[in-house]
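1. The sequence and its predicted three-dimensional model are supplied below.
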Amino acid sequence: MYSSLRACVTDLERTGQLVRIEQEIDPYLEAAEIQRRVYQAGGPAVFYARVKGCRFPMVSYEQRLTDDREGSDCSLRTGD
């Protein structure tokens, strides 16, 4: 479990499970298509550094649960 989304993204990047896209992308047309293709190819999480019309970056991540349970679980701790 992570205390923040930033901690999860840092861990994904550290372990080679995240790719960064630095060029500006359209959140309506490009982001979904990129994520669809990355997911179908079995690729990593995607960090979009510059999202058109947005003040903050965006991350897309599809956790795959396999028999050996490899990969990061980006669950966040709550105040419970």
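-> Noted; the coordinates are in hand.

2. pLDDT weak spots in the protein?
-> By pLDDT under 70, the weakly predicted segments of the chain are 63-80.

3. how about 80 then?
-> Scanning the chain for pLDDT under 80 picks out the ranges 1, 62-80.

4. hey, where'd the strands end up in it?
-> 18-21, 45-48, 58-60 (DSSP state E).

5. hey, which of the ones you listed is tucked in deepest?
-> When you average the neighbours per residue for each of the strands of the chain (mean count of other Cβ atoms under 10 Å), strand 45-48 leads with a mean of 21. The way it works is simple: take the backbone N, C-alpha and C, and place the C-beta from them, glycine included.

6. Just checking: what are the partner strands of that strand?
-> According to DSSP bridges, the neighbouring strands of strand 45-48, each with its direction, are strand 18-21 (parallel), strand 58-60 (antiparallel).

7. Can you check which of those strands gets nearest to Ser3?
-> Ranking the strands paired with strand 45-48 by their distance to Ser3 (criterion: Cβ to Cβ) puts strand 58-60 first, at 16.0 Å.

8. Identify the residues contacting that closest one?
-> The set of residues that contact strand 58-60 without belonging to it, under Cβ atoms under 8 Å, 6 or more residues apart in numbering, is 5, 9, 18, 27, 31, 34-35, 38, 45-48, 51.

9. hmm, 6 Å instead?
-> Taking Cβ atoms under 6 Å, 6 or more residues apart in numbering as the criterion, the residues outside strand 58-60 that touch it are 9, 35, 46-48, 51.

10. same deal with stretch 14-28?
-> Stretch 14-28 has contacts (Cβ under 6 Å, 6+ apart) with 12, 31, 44-52.

11. and the end-to-end length of it?
-> Its first and final residues considered, stretch 14-28 spans 28 Å by Cα to Cα, to the nearest Å.

12. Buried residues of it, list them for me.
-> Under the neighbour-count criterion of 16 or more other Cβ atoms under 10 Å, stretch 14-28 has 18, 21, 25 buried.

13. related to what we said a few turns ago, and which of the contacts of stretch 14-28 is nearest Glu62?
-> Ala45 (8.0 Å).

14. what sits against the closest one?
-> Counting by Cβ under 6 Å, 6+ apart, Ala45 makes contact with 12, 17-18, 61.
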